[in-house]
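> Please work out how this folds:
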Amino acid sequence: MYQILEKKVLPETVKLMKIKAPLVAKKAQPGQFIILRIDEKGERIPLTIADFDRKKGTITIIFLEVGKTTKQLGKLAVGSSLLNFVGPLGVPSEVKKYGTVVCVGGGVGIAPLYPIVKSLKEQGNFVISILGAKNEKLLLLEKEIQEFSDEFYIATDDGSKGQKGFVSDVLQQVINKHKVDMVMAIGPIIMMKVVSDLTRKYNIKTLVSLNPIMVDGTGMCGGCRVSVDGKTKFACVDGPEFDGHKVDYANLMLRNRRFMHEEGEACKLEGVQ
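Numbering: from 1, shown residues only. Got it, this is the predicted structure:
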């Protein structure tokens, strides 16, 4: 059993939890994820590792309450335990010295960006971070990411904080100002697509972290398959990071909407609001 040691309510329906998982924390690296199950009747859901502490043996997860399981998870209190907590899974981020790196995070995608920003800075990169959200209240980990950033920008749809507009608008300004060696983008699919379309024009290496529908996390079920450069890849074992210029975003968006109706019915059946 994996005990919940800490819980914080972040903007609106976003929750942060620190889970006691010493063996997972011992091997965890930036860019990886876990798959958890609340109880014997629960479904398996993947969540990216937002932080880890090897000394304390903890894994931090940050999640949006959007479906049946995440809503149930969000109601658990400190001291409660999860039945399964498998990981670390996936290929770790390729963290090395690139030069000038721009890290772009949108929405809940800001959470998994944090350990990557931290590691890139520790490798001696000049790190520029751009965080985006619909409004100021939905921004995550501002202070934490800014601490490891040489330049730090915020974009909100409504202009309530930082620049009014999208992260891609700020990225364009950064590209005009700096010679960018690499871009890392994590967030909504459409955001990653727009960022990749922009960087393709300048031939800037771009990595995106994909979070498609996933079941087993070991490449067996095929649920997380994505099309990259015309080839079928599995996000759980080949990713979750891929070349942003080669991802078929249209196919990815279509597949991620596949079970929306069933998810809604499951929430109704369980009485989860």
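> from here on, contacts and neighbour counts on C-alpha atoms
Noted.
> So K205 is in contact with M182, correct?
Yes - the pair K205 and M182 qualifies as a contact (C-alpha atoms under 8 Å) at a distance of 4.9 Å.
> pLDDT below threshold where in this structure?
Low-confidence segments of the chain (pLDDT under 70): 257-273.
> Where do the domain boundaries of it fall?
The chain is divided into the following domains under automatic domain parsing: 2-89, 100-209.
> Of all the ones you listed, which one is nearest T218?
Proximity to T218 (C-alpha to C-alpha) singles out domain 2-89 among the domains of the chain, at 8.1 Å.
> Spell out the residue ranges of the helices in the chain.
Per DSSP state H, the chain carries helices over the ranges 22-27, 68-75, 110-122, 142-147, 167-177, 189-201, 235-238, 249-256, 260-270.
> check contacts around the residue lying closest to K161 once chain neighbours are set aside.
Among residues not flanking K161 along the chain, E136 sits closest, at 5.4 Å (C-alpha to C-alpha, 6 or more residues apart in numbering). The contact partners of E136, by C-alpha atoms under 8 Å, 6 or more residues apart in numbering, come to 156, 160-161.
> go with 10 Å
Neighbouring residues of E136 by C-alpha atoms under 10 Å, 6 or more residues apart in numbering: 11, 154-162.
> Dump the helices of the chain into CSV; add distance to T60 and mean neighbour count as well.
As requested, these are arranged in CSV below (distance: least, C-alpha to C-alpha, whole Å; neighbours: other C-alpha atoms under 10 Å):
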stretch, distance to T60, mean neighbour count
helix 22-27, 9, 18
helix 68-75, 14, 18
helix 110-122, 10, 23
helix 142-147, 14, 16
helix 167-177, 25, 16
helix 189-201, 23, 19
helix 235-238, 19, 22
helix 249-256, 25, 14
helix 260-270, 25, 12
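> between those, which one is nearest to K55?
Counting by C-alpha to C-alpha, K55 lies closest to helix 22-27 out of the helices of the chain; the figure is 8.3 Å.
> Would you mind pulling the contact partners of the closest one?
Applying C-alpha under 10 Å, 6+ apart, the contact partners of helix 22-27 are 2, 19, 28, 34, 49, 51-60, 85-89.
> May I have it exported as CSV, CA atoms only?
Output of helix 22-27 as CSV, limited to C-alpha atoms (Å, rounded to 0.1, in the frame of the first residue of the first chain):
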residue,chain,number,x,y,z
PRO,A,22,10.6,4.5,-1.8
LEU,A,23,11.4,2.0,-4.5
VAL,A,24,9.8,4.2,-7.2
ALA,A,25,11.5,7.4,-5.9
LYS,A,26,14.9,5.6,-5.8
LYS,A,27,14.8,5.1,-9.6
